[in-house]
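Trainee: Sharing a model that was predicted from the sequence below.
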Amino acid sequence: MIIIVMGVSGSGKTTIGKLLADSLDWEFSDADAFHSSENVEKMRRGIPLSEADRIPWLQDLQTAIKHWLQENKNVVLACSALKESYRQFLVLDSESTKLVYLKGSYELIQIRLQERSNHYMNEKLLSSQFDTLEEPLDTISIDVAQPPQIIVQKIREALRL
């Protein structure tokens, strides 16, 4: 099974994804590692990615997901997946791929980004992240204002894991 933990930058995708993977004894992967150096540099400078920037990244992610599914691996993937079209591109099999949406207010996420260090994502991009976000309708939605352990517990309960 693949669990895609999605949301805007600063919502806790990596933190929750790692905790969830550890609690399940699954692999963890971060979609940020799939970005080209050019994309990373753009984001570091506060320049939003274009659709053309995202296409190769999404294709690489889809290839990884195909590989994991073929090998019957259990993986938690932290990935923004902000648009419905991106999610449709990544969810190749709805039975074996589940989405978890980490939802938080702009104000909470902004505070988290201001407190974060050693990450290339420029906090100036937060408004573009929220502008791009198309909230998923049929998925598990979790309020990120809760402690990480509670969030992981709620995800496990919702997925019956």
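Mentor: That came through, no problem.
Trainee: Is Phe130 within a helix or a strand, and which one?
Mentor: helix 126-132 (DSSP states H and E).
Trainee: What helices and strands are in contact with that helix?
Mentor: Judged by 3 or more C-beta pairs under 8 Å, 6 or more residues apart in numbering; DSSP states H and E, the packing partners of helix 126-132 are helix 106-115. (C-beta placed from N, C-alpha, C; glycine too.)
Trainee: Please, which helix or strand holds Trp57?
Mentor: helix 51-70.
Trainee: buried sites along that helix?
Mentor: Of the residues in helix 51-70, 53-54, 57-58, 61, 64-65, 68-69 count as buried by neighbour count, 16 or more other C-beta atoms under 10 Å.
Trainee: mind exporting it as CSV, just the C-alpha atoms?
Mentor: Coordinates of each C-alpha in helix 51-70 appear next as CSV, following Å, rounded to 0.1, in the frame of the first residue of the first chain:
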residue,chain,number,x,y,z
GLU,A,51,3.2,23.6,-14.4
ALA,A,52,6.2,23.0,-16.7
ASP,A,53,8.5,22.8,-13.7
ARG,A,54,6.2,20.3,-12.0
ILE,A,55,5.6,17.8,-14.9
PRO,A,56,9.0,16.0,-14.7
TRP,A,57,8.8,15.9,-10.9
LEU,A,58,5.3,14.3,-11.1
GLN,A,59,6.5,11.9,-13.8
ASP,A,60,9.4,10.8,-11.5
LEU,A,61,7.0,10.4,-8.6
GLN,A,62,4.6,8.3,-10.7
THR,A,63,7.4,6.1,-11.8
ALA,A,64,8.4,5.5,-8.2
ILE,A,65,4.8,4.7,-7.2
LYS,A,66,4.5,2.3,-10.1
HIS,A,67,7.7,0.6,-8.9
TRP,A,68,6.6,0.4,-5.3
LEU,A,69,3.2,-1.1,-6.3
GLN,A,70,4.8,-3.6,-8.6
